[in-house]
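> Got a sequence here, can you model it:
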Amino acid sequence: MRSQLPGWRAATEEALYGPHGFYSRNAPAGHFRTSVHASPLYAQAVTRLLLRVDEALGHPERLDVVDVGAGGGELLTGVLAALWDREAAGAEVLARLRPVAVEHRPRPQGLDPAIDWRRRLPGPGTVTGLLFANEWLDNVPVDIAENDSAGTARLLLVEPDGTERPGPPVTGTDAEWLAAWWPLDGAGPGARAEIGHPRDTAWARAAGSLRRGLAVAVDYAHTRRDRPPFGTLTGFRAGRPCPPVPDGSCDVTSHVALDAVAAATPGSTALLTQREALHALGVRGERPSPGLASTDPAAYVRLLGAASEAAELLASGGLGGFTWLVCEKDCPAPFPG
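All right, here's what the predicted structure looks like:
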């Protein structure tokens with residue numbers, strides 16, 4: 001009976017994306033809050049990045065912006081709004097822009113008809129512009145290994161209620177990935193690792209859709225020097241952490257070994273904190289001068305609100321702790337500036 005249980009990768013795939021899965025039935029924004037939901041400043045920063053890419057590419061006849069793991073289309077909606085705010089300059093870009101959302105969920109009602117809604121990534125070498133994936137890789141399911149009492153790494157099998165059972169020893173591609181990126185040898189009984197090669201493959205495919213431009217993956221992440229000894233698997237429901245139960249009732253997620261993802265990505269890559277990335281894109285979080293409160297109260301309140309939103313996006317213990325993986329393809333370094 002135990003041999004019939006799935007591992008975490010198969011169980012999570014069904015729980016999130018199956019016919020009755022979490023993402024098939026729920027709007028993600030109702031269960032967790034990302035940088036996109038925290039402030040329009042985030043979409044404005046991504047718009048600045050898009051404009052830098054456009055300039056670096058010489059203002060191509062068609063400029064693509066692809067949002068992978070688009071949720072309800074909030075990021076692309078914000079990018080379009082930010083371009084409209086630029087009036088004539090924004091209108092020129094909008095005339096060439098092809099916004100594409102990649103998402104498992106059906107197209108939301110009322111979404112701007114300019115946004116193309118797809119379930120699959122663009123094909124290889126078809127994107128000229130910016131591909132952006134905000135908190136997508138952490139929802140690419142992975143298997144989990146745990147050392148048994150003898151120190152042997154075994155795949156964990158899982159019941160629908162989240163109860164785990166030890167499975168067979170880790171072998172093949174899984175073992176090779178662990179040895180290269182998250183070795184458990186000598187870590188002792190109970191040490192765990194999330195086997196990340198499906199994410200390496202997923203991002204290599206996403207970044208491989210670039211003909212010219214920039215691909216950016218943003219996620220909570222770790223590198224080999226700071227792997228968590230017992231992993232990061234968790235669940236989210238109604239905006240709160242909960243036990244990771246693969247029954248479709250909650251999001252099931254884990255942080256990303258983003259250094260391994262970077263190594264599997266073709267072209268030039270760089271890793272930055274969100275704080276570093278957003279600073280380079282003009283998000284500062286500086287409070288307005290107190291004197292403005294008496295000379296222009298409305299402007300003071302507006303700027304104070306923006307500073308508060310920026311501070312949340314930049315906070316090192318919160319959203320600012322995300323890591324950005326930036327991948328360039330035949331695009332003279334537009335980022336960071």
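> Surely residue 100 forms part of a strand?
Yes: Residue 100: assigned to a strand according to DSSP: H, G, I helix; E, B strand; the rest coil.
> Quick one: list the elements packing against whichever strand or helix holds residue 217.
According to DSSP states H and E, residue 217 maps onto strand 210-219. Under the contact criterion of 3 or more C-beta pairs under 8 Å, 6 or more residues apart in numbering; DSSP states H and E, strand 210-219 touches helix 40-56, strand 127-134, helix 197-207, helix 258-263, strand 323-329. C-beta coordinates here come from the backbone N, C-alpha and C atoms, glycine included.
> Please identify the deepest-packed of these.
strand 127-134 (a mean of 25; mean count of other C-beta atoms under 10 Å).
> what about residue 158, distance to residue 246?
Distance from residue 158 to residue 246, counting by C-beta to C-beta, to the nearest Å: 6 Å.
> ditto for residue 284
41 Å.
> same check, this time on residue 257
21 Å.
> Could you do residue 258 as well?
24 Å.
> what does residue 100 give?
From residue 100 over to residue 246 (counting by C-beta to C-beta), the distance is 30 Å.
> do the same with residue 134
23 Å.
> do residue 17 as well
Taking C-beta to C-beta, one finds residue 17 at 11 Å from residue 246.
> The two: which is more packed in?
Legend: neighbour count by other C-beta atoms under 10 Å for residue 17 and residue 246, higher for residue 246 (25 against 16).
> surely that one meets residue 157?
No: at 11.1 Å, residue 246 and residue 157 do not qualify as touching, with contact defined as C-beta atoms under 8 Å.
> which regions of the protein sit below the pLDDT cut-off?
1-3, 25-33, 35, 38-39, 285-315, 317-320, 335-337 (pLDDT under 70).
> who's in contact with the spatially most central residue of it?
For the chain, the residue nearest the mean C-alpha position is residue 135 (2.2 Å; C-alpha atoms, centre = their mean). Residue 135 is in contact with 34, 69, 218-220, counting by C-beta atoms under 8 Å, 6 or more residues apart in numbering.
> Could you do residue 131 as well?
Counting by C-beta under 8 Å, 6+ apart, residue 131 touches 64-66, 68, 122, 206-207, 209-210, 213-216.
> quick check, nearest of those residues to residue 83?
Comparing these against residue 83 with C-beta to C-beta places residue 65 closest, at 9.8 Å.
> and residue 141, how far is that from residue 233?
11 Å.
> Also residue 51?
38 Å.
> now residue 204
23 Å.
> same thing with residue 277?
26 Å.
> if you count what's nearby, which of those two comes out ahead?
residue 277 (24 against 21).
> quick one: that one and residue 324 touch, right?
Yes: Residue 277 lies in contact with residue 324 (C-beta under 8 Å); the separation is 4.5 Å.
> circling back: anything in contact with each of residue 158 and residue 246?
Joint contacts of residue 158 and residue 246 (C-beta under 8 Å, 6+ apart) are 8, 11.
> Between residue 141 and residue 233, which contacts overlap?
With C-beta under 8 Å, 6+ apart, residue 141 and residue 233 have common neighbours 8, 252.
> buried ones in stretch 115-128?
For stretch 115-128, the neighbour count (16 or more other C-beta atoms under 10 Å) marks 115, 117, 121-122, 127-128 as buried.
> Pick the one among the residues you listed closest to residue 164.
Nearest to residue 164, judged by C-beta to C-beta, of the buried residues of stretch 115-128 is residue 121 at 31.6 Å.
> Secondary structure class of the closest one, three-state.
Secondary structure, three-state DSSP: residue 121 is coil.
> Could you do residue 65 as well?
With three-state DSSP as the criterion, residue 65 reads strand.
> wait, doesn't it sit right on residue 75?
No: Residue 65 is not in contact with residue 75 according to C-beta under 8 Å; the separation is 9.2 Å.
> Show me the common contact partners of these two, please.
By C-beta under 8 Å, 6+ apart, the residues touching both residue 65 and residue 75 are residue 132.
> Neighbour count for those two, which is higher?
Legend: neighbour count by other C-beta under 10 Å for residue 65 and residue 75, higher for residue 65 (28 against 25).
> Fine by me, thanks again.
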